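>>> Pasting the sequence and the predicted model now:
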Amino acid sequence: MFGTMKQNELLLNLTFLIGEWKMEISKTSFLPDPSSKLTGITLFEWFEEQTFLIMRSGVEGDGPPNVVAIISGDDTNKQYQMLYYDERGVSRIYNMSFENDTWKLWRDSSKFSQRFEGKVSADRKTINASWVNSTDGKTWQHDFNIDYHKA
């Protein structure tokens, strides 16, 4: 009844993400000891004939919540978006870009804005990133660093 879907060509340059990544979170604003590190796993996988990219992420111990996200985009403006949901029941939509080996996510909200920037290594096996946030859209503060290493 439902035919085979055509691969989403907008997502082809994100193929390197497919698979399991070891994750390390450091320099946090949310742990009692900012020098503490958390470890976990992030898994990227295709959905329905490579039409969407699914991201699942979780850490060991107390830390950021477990997450599931769906990545796709608008083929007319070549802009990506990420639909985010976590175990707390938080649901968000992030704009996303991937250019010049730099992965960016951002969302603007009158109550809580966020920015993510990750630099991808030349061999595409490491991503060094950080999150910042703002409660007024003007003053930004560091939230945490996150490094991914392809398993």
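Received the coordinates, thanks.
>>> Report the central residue of the chain.
Centroid check for the chain by Cα atoms, centre = their mean gives residue 105 as the closest residue, at 7.0 Å.
>>> Can you name the residues that contact that one?
Residue 105 makes contacts with 82, 94-96, 114-116, as judged by Cβ atoms under 8 Å, 6 or more residues apart in numbering. Where C-beta positions appear, they are placed from N, C-alpha and C, glycine not excepted.
>>> Residue 7 now?
Applying Cβ under 8 Å, 6+ apart, we find residue 7 in contact with 49-51.
>>> cool, residue 103 as well?
By Cβ under 8 Å, 6+ apart, the residues touching residue 103 are 96-97, 116-118, 120, 127, 129.
>>> Tell me if I am right that it is in a strand.
Yes - Residue 103 forms part of a strand when assessed by DSSP: H, G, I helix; E, B strand; the rest coil.
>>> who does it bridge with?
As for beta bridges, residue 103 partners with residue 98, residue 118 under DSSP bridges.
>>> now it: how far from residue 55?
Note on residue 103: its distance to residue 55, by Cβ to Cβ, to the nearest Å, is 12 Å.
>>> just residue 15 next, same as before
Distance, residue 15 to residue 55, using Cβ to Cβ: 14 Å.
>>> before we move on, what about residue 146?
Note on residue 146: its distance to residue 55, by Cβ to Cβ, is 13 Å.
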